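Engineer: below are the sequence and a predicted model for it; my questions follow.
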Amino acid sequence: MEDIHEIRKRRRTLQETMNFMAALSAGIEPILGRGANSMTMSAGRNLGRKFSENAAKTDDLLTAINEVRRVLEENHCLWGFEPFQPSGQQDMITTNENGETQLLLVFKDCMIRQSLFRFGHPQQGSLCNMMYGFFAGALENIMGKKTRLDIKHAGENACLKVLTVTA
Amino acid sequence: MVQMEIREKACRGCKFCIDVCPTDALAFDEATQKAVVKTVEDCIGCLSCAYLCPSGAISHSGHHVVKNFYRNLYFSQRMEKFL
């Protein structure tokens, strides 16, 4: 078993790095404008591609989502998420007017949100876009399709996002 | 399972909670002019309604608690002058 002090030390290091990342992303937004989002999205996509290099390929969205979760856990990323089906919705996976497949995801324990709150940075900024990039990169490898992860609601204790897979 | 309670006496009927809820778990009762819980199973526990409610009428239980970041008190004290 790993020494508790070593785990705490690693956690502190991760958290201070995340705080630094949050400050950095909040700082670049006024300078780069919308370019900041492209930058972090691209960084997230590269990370997603790299982490999911050896992931199992599938066409099924729910299986692909589980594969993304496995990839995150394997790389010690603390990003808990789960699919969400509202009570008035027949199926978990829906199709929008453009024929694209959609799935709602709830993000509960998110280290990005915690980093942003630590110093009062706003949500839905460039660092949140990194998560979109990660999903896009990982699902590109797993499903071979382009995806979008839009923020439907950024809450204080959980966020609701819509994952869209292009037809 | 998330449980949500709206204290009827405290609710002013501003509808802020209804507007902010992403899953339409709350509704407005026209008869009483107050917010009511419509579908508690749709609540994702984001707690936005509770944070936004001006009269603090909404409370949750059984929701997940996000692990707070480690706070180094010494570091925070040093940072205070910059904030």
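Structural biologist: Arrived safely, thanks for sending. Numbers count the residues shown, from 1 in each chain, chains lettered A, B, ... in the order given.

Engineer: from chain B, how far out is the residue minimising distance to the centre of chain A?
Structural biologist: The centroid of chain A falls nearest to residue A:131 when counting by C-alpha atoms, centre = their mean (2.9 Å). Remark: distance between residue A:131 and chain B (C-beta to the nearest C-beta, to the nearest Å) = 16 Å. For the C-beta atoms, the positions are set from N, CA and C on the backbone; glycine is no exception.

Engineer: what is the mean pLDDT for whatever helix or strand that residue lives in?
Structural biologist: For residue A:131, the host element (DSSP states H and E) is helix A:126-143. Throughout helix A:126-143, pLDDT has a mean value of 90.

Engineer: just how off-centre is the helix or strand just after it within its chain?
Structural biologist: Next in sequence after helix A:126-143, counting helices and strands by DSSP H and E, comes strand A:147-154. Taking C-alpha atoms, centre = their mean, to the nearest Å, the mean C-alpha location of strand A:147-154 is offset from the chain mean by 9 Å.

Engineer: got the angle between the longest helix anywhere in chain A and helix A:126-143?
Structural biologist: What stands out as the longest helix in chain A, according to DSSP state H, is helix A:4-32. If you take axes from the mean of the first three to the mean of the last three C-alpha atoms, to 10 degrees, helix A:4-32 sits at 110 degrees to helix A:126-143.

Engineer: against which helices or strands is helix A:4-32 packed?
Structural biologist: Secondary-structure packing of helix A:4-32 (3 or more C-beta pairs under 8 Å, 6 or more residues apart in numbering or on different chains; DSSP states H and E): helix A:35-51, helix A:111-118, helix A:126-143.

Engineer: make CSV from those helices and add distance to residue B:37 to it.
Structural biologist: Putting the helices and strands packed on helix A:4-32 into CSV (distance: least, C-beta to C-beta, whole Å) gives the following:
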stretch, distance to residue B:37
helix A:35-51, 36
helix A:111-118, 25
helix A:126-143, 29
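
Engineer: packed most tightly, which of those would that be?
Structural biologist: helix A:126-143 (a mean of 23; mean count of other C-beta atoms under 10 Å in any protein chain shown).
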